[in-house]
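Colleague: sequence plus the predicted model coming up.
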2 protein chains.
Amino acid sequence: MSRGGKAQRTRDRLVRAAVELCAGEGFENVSVGRIAQAAGVTEMTFYRNFPTKESVVLDDPFDPMIADAVAAQPRSLPALAAVAAGLRHAWAGVDDRAAETVRDRLRVIAASHRLRAAMPQSTAATAQAIADALRSRGVTDVDAEIAAAATIAALTAALLEWAQLDDQPLGDAVERALGILDGAR
Amino acid sequence: MSRGGKAQRTRDRLVRAAVELCAGEGFENVSVGRIAQAAGVTEMTFYRNFPTKESVVLDDPFDPMIADAVAAQPRSLPALAAVAAGLRHAWAGVDDRAAETVRDRLRVIAASHRLRAAMPQSTAATAQAIADALRSRGVTDVDAEIAAAATIAALTAALLEWAQLDDQPLGDAVERALGILDGAR
DNA sequence: TACGAAATGTTAGAGACTAACATTCGCAGT
DNA sequence: ACTGCGAATGTTAGTCTCTAACATTTCGTA
């Protein structure tokens, strides 16, 4: 099970070690060397699996899911409604255990200036997909970029707030972001 | 004239050297040492004036202006209208020569992944001011954060696009961002 | 001119990241 | 089980960003 050879397993160990160490001591106080060591591996191996120190925490398997969900919406929907539907659908598919993992990651991110600043980079693919979905529905190039950026920013802000609370359903955070974009005027 | 002693002049030389070198060779290919050398100064002096390599390019004198302008809007205005009015007022006060400088900086930023990713950090103060302005008008804490993040993201995206074009008035870019936030639905 | 403070330089070092090369590990086919 | 090949990991050495502690210069002012 759990597709993949050794590489995938060390990757997982690196992520788990990183989140655990950073949750306890803060991202800036944990060196790549220590993360690697905690995962039973060398610093070099860390950099073979992740391009930067930030990426081991920011790397989110759900981002591509969102991109796909948005792109898959029927073209009959108006532009921003399609984006909203895609986001809802993607996050609805996240079960409780996975949501806990997401929350742990987001808490580490929320606690670090550097990580928060680096978030847009990791959501770039999703933003791109949203912009594409908008464009294919007749929205101008520039306007699509702007609307996508605003959507992702709202979603990110909502998720970071959500992560700091306890026992709030993940769906509420998504609805909150969508509600603001929908009713902005 | 031009308030301030030697320190301010050194700072200006560092910024000019950084923008010029990076415009020619790209941000990632220019070391702090070379920027300092081009400004006739040591690497150490660079770090006394700027906390990071990114900050010498990202440092924007207009960000605080925007924050002030938003905070100064009359409380009679509805929340997002106040933000829009503040943004318009702030950017209207930028003359053509200053706009050129802004454009040069933004072009360097647009060309670098790292700099684009670091932008939110440099606009954090502005986002904070916008969130505060919204809160003081009765918007919920979380909603204020989300709306502010979306506003700044839209504005940033519009400015980065604007910088890549020639002979477009700066005001148009601001209007474009505001228009999308205003009519998002 | 001499003084004090601001501005800059020097040195040393930790940590992020890269490149080139050497080694071990795991799975296919026999 | 054995072998062999490629994938995964280790080693070493180096560049670059950024910090700290201490020494030196520069500049306005008394």
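Modeller: Received, thanks.

Colleague: now the residue most central in space within chain A, what's its secondary structure?
Modeller: By C-alpha atoms, centre = their mean, chain A has its centre lying nearest to residue A:60, at 4.7 Å. Under DSSP: H, G, I helix; E, B strand; the rest coil, residue A:60 falls in the coil class.

Colleague: and the residue lying closest to it once chain neighbours are set aside, how far from DNA strand D?
Modeller: Nearest residue to residue A:60, sequence neighbours excluded (C-beta to C-beta, 6 or more residues apart in numbering or on different chains): residue A:122, at 6.3 Å. Quick note: C-beta positions are derived from backbone N, CA and C, even for glycine. From residue A:122 across to DNA strand D, the span is 19 Å (C-beta to the nearest atom of the strand, to the nearest Å).

Colleague: just residue A:140 next, same as before
Modeller: 36 Å.

Colleague: all helices of chain A, in order?
Modeller: For chain A, the helices defined by DSSP state H occupy A:6-25, A:32-38, A:43-49, A:55-58, A:62-71, A:79-92, A:96-110, A:113-122, A:124-135, A:141-163, A:170-183.

Colleague: in the last one, what counts as buried?
Modeller: Judged by neighbour count using 16 or more other C-beta atoms under 10 Å in any protein chain shown, the buried positions of helix A:170-183 are A:170, A:173-178, A:180-181.

Colleague: show me what it is packed against.
Modeller: helix A:79-92, helix A:141-163, helix B:141-163 (3 or more C-beta pairs under 8 Å, 6 or more residues apart in numbering or on different chains; DSSP states H and E).

Colleague: turn the buried residues of helix A:170-183 into a markdown table, including pLDDT and distance to residue A:130.
Modeller: Below are the buried residues of helix A:170-183 laid out as a markdown table (pLDDT from 0 to 100; distance: C-beta to C-beta, whole Å):
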| residue | pLDDT | distance to residue A:130 |
| --- | --- | --- |
| A:170 | 92 | 19 |
| A:173 | 94 | 18 |
| A:174 | 93 | 14 |
| A:175 | 93 | 17 |
| A:176 | 90 | 18 |
| A:177 | 90 | 13 |
| A:178 | 89 | 12 |
| A:180 | 81 | 16 |
| A:181 | 77 | 11 |
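
Colleague: now distance to residue B:106 too, for the residues you listed, in JSON lines please.
Modeller: Shown next, in JSON lines, are the buried residues of helix A:170-183 (distance: C-beta to C-beta, whole Å):
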{"residue": "A:170", "distance to residue B:106": "36"}
{"residue": "A:173", "distance to residue B:106": "32"}
{"residue": "A:174", "distance to residue B:106": "32"}
{"residue": "A:175", "distance to residue B:106": "34"}
{"residue": "A:176", "distance to residue B:106": "31"}
{"residue": "A:177", "distance to residue B:106": "27"}
{"residue": "A:178", "distance to residue B:106": "30"}
{"residue": "A:180", "distance to residue B:106": "27"}
{"residue": "A:181", "distance to residue B:106": "25"}
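
Colleague: now compare these and name the two farthest from each other.
Modeller: A:170 and A:181 (17.6 Å; C-beta to C-beta).

Colleague: which one is residue A:118 nearest to, not counting chain neighbours?
Modeller: residue A:54 is the one closest to residue A:118 (C-beta to C-beta, 6+ apart), at 4.5 Å.

Colleague: distance of the one you found from DNA strand C?
Modeller: 7 Å.

Colleague: is it true that that residue touches residue A:114?
Modeller: Yes. Residue A:54 is in contact with residue A:114 according to C-beta atoms under 8 Å; the separation is 6.7 Å.

Colleague: and those two? Which one has more around it.
Modeller: It is residue A:54, of residue A:54 and residue A:114, that has more neighbours when counted by other C-beta atoms under 10 Å in any protein chain shown, with 20 against 14.

Colleague: before we move on, the earlier item: residues touching the residue nearest to the centre of chain A, list them.
Modeller: A:102, A:105, A:122-123 (C-beta atoms under 8 Å, 6 or more residues apart in numbering or on different chains).

Colleague: could I get those residues as JSON lines with pLDDT?
Modeller: Formatted as JSON lines, the contacts of residue A:60 follow (pLDDT from 0 to 100):
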{"residue": "A:102", "pLDDT": "92"}
{"residue": "A:105", "pLDDT": "95"}
{"residue": "A:122", "pLDDT": "83"}
{"residue": "A:123", "pLDDT": "85"}
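
Colleague: nearest to DNA strand C, out of the helices and strands packed on helix A:170-183?
Modeller: Smallest distance to DNA strand C across the helices and strands packed on helix A:170-183 (C-beta to the nearest atom of the strand): 20.8 Å, for helix A:141-163.

Colleague: report the distance from the closest one to the chain centre.
Modeller: 12 Å (C-alpha atoms, centre = their mean, to the nearest Å).

Colleague: over to stretch A:16-30?
Modeller: 18 Å.

Colleague: repeat for stretch A:156-174
Modeller: For stretch A:156-174, the distance to the chain centre is 13 Å (C-alpha atoms, centre = their mean).
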